[in-house]
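Asker: Only the shape, not the letters, is given here:
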């Protein structure tokens, strides 16, 4: 049975998808040793803080919509890295996903806390990416109060400056590459 790494963010349209596909690409390039790893991603929903920040920008969500493609800036950024994520559709985290995963990697403490609260047996296998890999660079988190952030009536989402988005993707890919051995050690590969 393959080892399973599950990435989880809020809506499964940016951070978790980028991480999933980037780790898959590493596995593909090093398939001799890593062929036993399954990688997937899902969304846990927006935290009350995220909802409050979005509301401050005129956006109102009770819960995210799943079954839709990644954000266009994520698709474009990964395309520049020669990785196609355009066919992915966002998925909501389920108990079955949590049960199957041997390692769950999130991007915010609130996501870890929510998963452990909803699924108590998951404690001990849910980590933030930054904590798991021991990276002391920037925190991977989207700041909705970032200057020049504006709601987009066209997509019903926030427009965050490209530099912020690209910086987040760069940080995610760097942390996965830099911390790959720690990830593999955790799932005993």
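Answerer: Thanks, I have it. Please read these numbers as outputs of a predicted model, since none were measured by experiment.

Asker: The nearest residue to residue 95 once chain neighbours are set aside and residue 86, how far apart?
Answerer: The spatial neighbour of residue 95 that comes closest, neighbours along the chain excluded (CB to CB, 6 or more residues apart in numbering), is residue 119 at 6.2 Å. No exception for glycine: its C-beta is placed from N, CA and C like everyone else's. Using CB to CB, to the nearest Å, residue 119 is found at 30 Å from residue 86.

Asker: Between the two, which has more neighbouring residues?
Answerer: residue 119 (18 against 12; other CB atoms under 10 Å).

Asker: Next up, the contacts around that one.
Answerer: With contacts taken as CB atoms under 8 Å, 6 or more residues apart in numbering, residue 119 has the following neighbours: 95, 98, 99.

Asker: What of residue 123?
Answerer: By CB under 8 Å, 6+ apart, the neighbours of residue 123 are residue 116.

Asker: after the one helix or strand in the chain whose mean pLDDT sits lowest, next one along is what?
Answerer: Ranked by mean pLDDT, DSSP states H and E, the helix or strand of the chain with the weakest confidence is strand 157-159, at a mean of 42. Using DSSP states H and E, the helix or strand that directly follows strand 157-159 along the chain is helix 162-178.

Asker: immediately after that next one, which helix or strand?
Answerer: Assigned by DSSP H and E, the successor of helix 162-178 is helix 180-186.

Asker: so how far is that following helix from its chain's centroid?
Answerer: 17 Å (CA atoms, centre = their mean, to the nearest Å).

Asker: Flag every buried residue along that helix.
Answerer: If you call a residue buried by 16 or more other CB atoms under 10 Å, then helix 180-186 has these buried ones: 180, 183, 184, 186.

Asker: ok, now how distant is residue 89 from residue 168?
Answerer: Taken as CB to CB, the span from residue 89 to residue 168 is 21 Å.

Asker: cool, residue 131 as well?
Answerer: 17 Å.

Asker: Same check on residue 116?
Answerer: 24 Å.

Asker: These two: which is more packed in?
Answerer: residue 168 (24 against 17).

Asker: pLDDT at the more buried one, what is it?
Answerer: According to the prediction, residue 168 has pLDDT 77.

Asker: go on, residue 155?
Answerer: 42.

Asker: pLDDT weak spots in this protein?
Answerer: Applying pLDDT under 70 to the chain flags the ranges 1-2, 31-34, 47, 49-64, 135-166, 189.

Asker: the strands in it, which residues?
Answerer: Listed in chain order, the strands of the chain (DSSP state E) span 3-9, 37-43, 103-106, 126-128, 150-152, 157-159.

Asker: Can you list the strands that the third one pairs with?
Answerer: When pairing is defined by DSSP bridges, strand 103-106 lines up against strand 3-9 (parallel), strand 126-128 (parallel).

Asker: Would you mind listing the buried residues in stretch 75-88?
Answerer: 75, 76, 77, 78, 83, 85, 88.
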